[in-house]
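**Student:** Here you go, sequence then predicted model.
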Amino acid sequence: MSRFFSELYASAQPYTPGEQPRDRSYVKLNTNENPFPPSTEALSYTTVKTFLRPLNLYSDPESQELREALANSLGVAPENVLPGNGSDEILNFAFMAFCSPSRGVAFPDVTYGFYAVLAGLYGIDTKLVPLREDFSVGAEDYFGLGRTIFLANPNAPTGLALPAEEIGRVAGANPDNVVVVDEAYVDFGGESCVPLTQRYNNLLVVQTFSKSRSMAGARLGFAVGDAALIADLNRIKYAVNPYNVNSMTAAMGIATLNDPDYTLTNCAAIVTARLYLTSQLRARDFEVLESSANFVFAKSPDFGGEALYAGLKEKGVLVRHFAKPERIADYVRISVGTREQLDALLAAIDTLREELP
Ligand code: PMP
């Protein structure tokens, strides 16, 4: 930190993205990306050009066509939707809009690390709510906390999901606070709370194009909720980054929404691959949580989490290991790749086991 760095943010602990090493080629199962390319519609210049605003002009600050396409696909009105530069940007807007020195935040002790980063950045008082013994989120643990609540559903890195109705109970029990449901992984087997946003005006759903729609590099996410919540987020957006979604990404997003079968087919393939990976790991005596996401959270009987991560990396396979909290230190998070990638992972695990003394 230079001597010029603002004291406002000096205590911020930045997010550590999954590693992207370039020293050799890896089977990359560490950042929950989709192994399939974006929809051919999204990659077709002819298609995308029909939605593309000329690039000498600023992108549409309202992202109107994209908002309409999203609203159509979600069964809500355009004023219920706000697109962002990845869902991380939407989460940041939500922290800025709904958390403050007088309104703290609550989220699980084991969840997406970015919530703690944002809470630290803005100095928001944080209540970490422990996951239950089986790593599930207990809805009752969030009743009447008097705080803004962030819940990833399915949760990361566990992959466990709550039924939408349980999240609805949390929203119903906190009528004076916003409940943000981060549905980054919902398309792989979770149940979306989007329909519940019409019943609970304090429920904000956040989704992304990075996972099920294979567009992590294009950076596109969105929020869905009551028009008043969306207007609040817009207020922040116009104070931070008015042209937050670039024209190319917006056009690709519309093209992707026009090709829903492609997304559905890929999600189904990933679910099939996840079941395969889960059964293969269990056949090797791993403990594997029941995932509704495009990754599994698993514990080896033979290696600690750090050792398994390091051993696999040495064999050219990247997975993600979290040293903290201690409760999850024996686990690794493995993204569900193609069948070929998963077979390479399983072969590497078998070799590591054979090399054990
Ligand atoms: N929420 C969760 C739970 C995630 O795991 C991620 C991916 N790191 C995000 C949000 C952010 O995704 P993006 O900014 O790519 O939309």
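**Tutor:** Sure, I can see it.
**Student:** ok, now which ones touch the spatially most central residue of the chain?
**Tutor:** Centroid-nearest residue in the chain, with Cα atoms, centre = their mean: residue 184, separated by 3.5 Å. Counting by Cβ atoms under 8 Å, 6 or more residues apart in numbering, residue 184 touches 87, 112, 152, 156, 206-208, 210-211. All C-beta atoms are positioned from the backbone trio N, CA, C, and that covers glycine.
**Student:** any chance of the residues you listed in a markdown table, with secondary structure too?
**Tutor:** Output for these, formatted as a markdown table (DSSP: H, G, I helix; E, B strand; the rest coil):
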| residue | secondary structure |
| --- | --- |
| 87 | helix |
| 112 | coil |
| 152 | strand |
| 156 | coil |
| 206 | strand |
| 207 | strand |
| 208 | strand |
| 210 | coil |
| 211 | coil |
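**Student:** now those in JSON lines, with pLDDT and neighbour count?
**Tutor:** Output for the contacts of residue 184, formatted as JSON lines (pLDDT from 0 to 100; neighbours: other Cβ atoms under 10 Å):
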{"residue": "87", "pLDDT": "98", "neighbour count": "26"}
{"residue": "112", "pLDDT": "97", "neighbour count": "22"}
{"residue": "152", "pLDDT": "98", "neighbour count": "28"}
{"residue": "156", "pLDDT": "97", "neighbour count": "22"}
{"residue": "206", "pLDDT": "99", "neighbour count": "25"}
{"residue": "207", "pLDDT": "98", "neighbour count": "26"}
{"residue": "208", "pLDDT": "98", "neighbour count": "25"}
{"residue": "210", "pLDDT": "98", "neighbour count": "23"}
{"residue": "211", "pLDDT": "98", "neighbour count": "25"}
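**Student:** contacts with the ligand among the residues you listed, please.
**Tutor:** Filtering the contacts of residue 184 for proximity to the ligand by Cβ under 6 Å from any ligand atom leaves 87, 112, 152, 156, 208, 210.
**Student:** How about the contacts made by the residue in the stretch 1-150 of the chain that the ligand sits nearest to?
**Tutor:** At 3.0 Å from the ligand, residue 86 is the closest residue in the stretch 1-150 of the chain, using Cβ to the nearest ligand atom. Each residue near residue 86 by Cβ under 8 Å, 6+ apart is listed here: 208, 210, 219-221.
**Student:** Determine which two of the residues you listed are furthest apart.
**Tutor:** Largest separation among the contacts of residue 86 by Cβ to Cβ: 208 and 219, giving 9.2 Å.
**Student:** So for residue 316, what's the nearest residue that isn't a sequence neighbour?
**Tutor:** Leaving aside its sequence neighbours, residue 316 sits nearest to residue 26 (Cβ to Cβ, 6 or more residues apart in numbering; 5.5 Å).
**Student:** do the same with residue 55
**Tutor:** Among residues not flanking residue 55 along the chain, residue 247 sits closest, at 6.1 Å (Cβ to Cβ, 6+ apart).
**Student:** correct me, but the one you found touches residue 59?
**Tutor:** Yes: using Cβ atoms under 8 Å, residue 247 is in contact with residue 59, at 4.3 Å.
**Student:** quick one: the residue nearest to residue 316 and residue 319 touch, right?
**Tutor:** No: between residue 26 and residue 319 there is no contact under Cβ under 8 Å: 10.1 Å.
**Student:** These two: who's more crowded?
**Tutor:** Neighbour comparison, residue 26 and residue 319: the larger count goes to residue 319, with 23 against 18 (by other Cβ atoms under 10 Å).
**Student:** quick one, what contacts that one?
**Tutor:** Residue 319 makes contact with 29-30, 308-309, 312, 332-335, 345, according to Cβ under 8 Å, 6+ apart.
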